[in-house]
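>>> Sharing a model prediction with you, sequence too.
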Amino acid sequence: MTHQQDPVVPHPLQAMRVRTLASTARVTDVETLADGRTLSVPGAVTERGYPVVLLESGNALHAALLGGQNDVAARVTLQAPREVGGHSLVRATLGACGWLRALPEAGLRDAAVAIAEHYPDEILFTALECAGEPHAPLIAELDLASIDCDTVDNRGAVDVEEYLAADLDPLADVAEDIIEHINSDHADLIAPCLATMMAKPVRVAWLWELDSEGIAFLAELPGAVGASVVTVPWPQPIRDPAVLDLALHSLFVAGRCPEA
């Protein structure tokens with residue numbers, strides 16, 4: 001295992017990473033590009049990779065889409081959260097531009113399920129059961145033209161076709177469980193392990209990202225202003241959760257920490 005001695009900027013943003021971050025993100029607002037109006041609405045990203053938003057009656061977008069304006073140019077902002085040390089931080093901010101369109105009934109249920117992950121409200125049932133009625137809430141999908149991503153340690157845009165064709169990281173589900181477990185139950189092991197790996201003091205550290213390409217720590221380092229991201233790539237990409245367990249064991253042993 002090759003250890004990084006200083007925080008490093010990882011490889012340029014790849015479609016799989018952005019698609020994986022998007023899958024955990026929630027909509028914070030929608031900007032209509034024609035007039036620059038910003039609206040705070042709930043929303044998420046579907047399994048197909050498209051942002052969807054819930055619009056209640058009385059919302060300007062609701063009126064426009066219900067009135068037959070099926071191509072509202074908009075920018076949807078999404079944030080992927082990370083809970084560490086009792087605080088909710090932002091892993092990534094994504095900006096998706098395109099055209100909002102009211103979803104037909106065939107796509108409503110999947111979109112409602114995605115939104116319910118972040119906004120479990122009974123209004124979603126109303127959107128499903130009363131679809132098409134004038135005063136019912138509606139769900140709109142963004143037909144993507146571009147997507148960009150800003151993380152703690154990187155920023156950039158990815159090709160839309162590559163983004164939509166990309167699979168989620170194969171370790172996405174198990175990785176999130178591991179990060180939550182170690183950060184909540186074994187947080188005291190992380191900083192000493194990282195300090196040994198880097199051969200320098202580390203005041204506080206958390207597991208920040210874990211995927212098939214490597215592991216990243218969010219750490220407070222001497223001489224640095226704010227938190228830094230320290231990335232340790234795997235020697236080879238990992239696709240098997242069992243191999244991930246072995247890699248983590250090797251990492252913590254090399255860092256002379258008890259196995260988490």
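All right, it came through fine.
>>> Neighbours of the closest residue to residue 131 other than its chain neighbours, how many?
Distances taken as Cβ to Cβ, 6 or more residues apart in numbering place residue 105 nearest to residue 131, at 5.4 Å, with adjacent residues excluded. Backbone N, C-alpha and C define where each C-beta goes, glycine included. Applying other Cβ atoms under 10 Å, we find 9 other residues in the vicinity of residue 105.
>>> again with residue 87
8.
>>> Residue 250 in helix, strand or coil?
Judged by DSSP: H, G, I helix; E, B strand; the rest coil, the three-state class of residue 250 is helix.
>>> and if you look at residue 148?
strand.
>>> The closest residue to it other than its chain neighbours - how many residues pack around it?
In space, and not counting its chain neighbours, residue 148 is closest to residue 157: 4.2 Å by Cβ to Cβ, 6+ apart. Using other Cβ under 10 Å, residue 157 is surrounded by 13 other residues.
>>> Tell me which residues touch residue 157, please.
Applying Cβ atoms under 8 Å, 6 or more residues apart in numbering, one finds that residue 157 lies in contact with 13, 146, 147, 148, 149.
>>> and of those residues, the nearest to residue 164?
residue 147 (9.2 Å; Cβ to Cβ).
>>> Tally up the residues packed near the closest one, please.
When neighbours are counted by other Cβ under 10 Å, residue 147 registers 26.
>>> From residue 229, how far out is it?
22 Å (Cβ to Cβ, to the nearest Å).
>>> One more: residue 193?
Separation of residue 193 from residue 229 (Cβ to Cβ): 16 Å.
>>> Keeping just the C-alphas, turn the longest strand seen in the chain into PDB.
Using DSSP state E, we find that the single longest strand of the chain is strand 87-102. Presented in PDB, the C-alpha positions along strand 87-102 are these (Å, rounded to 0.1, in the frame of the first residue of the first chain):
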ATOM      1  CA  HIS A  87     -22.600  17.900  12.200                       C
ATOM      2  CA  SER A  88     -24.100  17.800   8.800                       C
ATOM      3  CA  LEU A  89     -21.500  18.800   6.200                       C
ATOM      4  CA  VAL A  90     -21.700  18.900   2.400                       C
ATOM      5  CA  ARG A  91     -19.800  16.300   0.500                       C
ATOM      6  CA  ALA A  92     -20.600  17.800  -2.900                       C
ATOM      7  CA  THR A  93     -22.700  20.400  -4.600                       C
ATOM      8  CA  LEU A  94     -24.000  19.600  -8.000                       C
ATOM      9  CA  GLY A  95     -25.500  21.900 -10.600                       C
ATOM     10  CA  ALA A  96     -27.700  20.400 -13.300                       C
ATOM     11  CA  CYS A  97     -29.000  22.500 -16.200                       C
ATOM     12  CA  GLY A  98     -31.700  21.600 -18.700                       C
ATOM     13  CA  TRP A  99     -35.400  21.800 -19.200                       C
ATOM     14  CA  LEU A 100     -38.000  21.000 -16.600                       C
ATOM     15  CA  ARG A 101     -41.000  18.900 -17.800                       C
ATOM     16  CA  ALA A 102     -44.000  17.500 -15.900                       C
END
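>>> and it, which strands flank it?
Strand pairing for strand 87-102, determined by DSSP bridges: strand 72-84 (antiparallel), strand 138-151 (antiparallel).
>>> Adding mean pLDDT and distance to residue 189, write those strands out as CSV.
What follows is these, written out as CSV (pLDDT from 0 to 100; distance: least, Cβ to Cβ, whole Å):
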stretch, mean pLDDT, distance to residue 189
strand 72-84, 95, 15
strand 138-151, 95, 25
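>>> got the ones you listed as JSON lines, with distance to residue 61 columns?
What follows is the strands paired with strand 87-102, written out as JSON lines (distance: least, Cβ to Cβ, whole Å):
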{"stretch": "strand 72-84", "distance to residue 61": "6"}
{"stretch": "strand 138-151", "distance to residue 61": "7"}
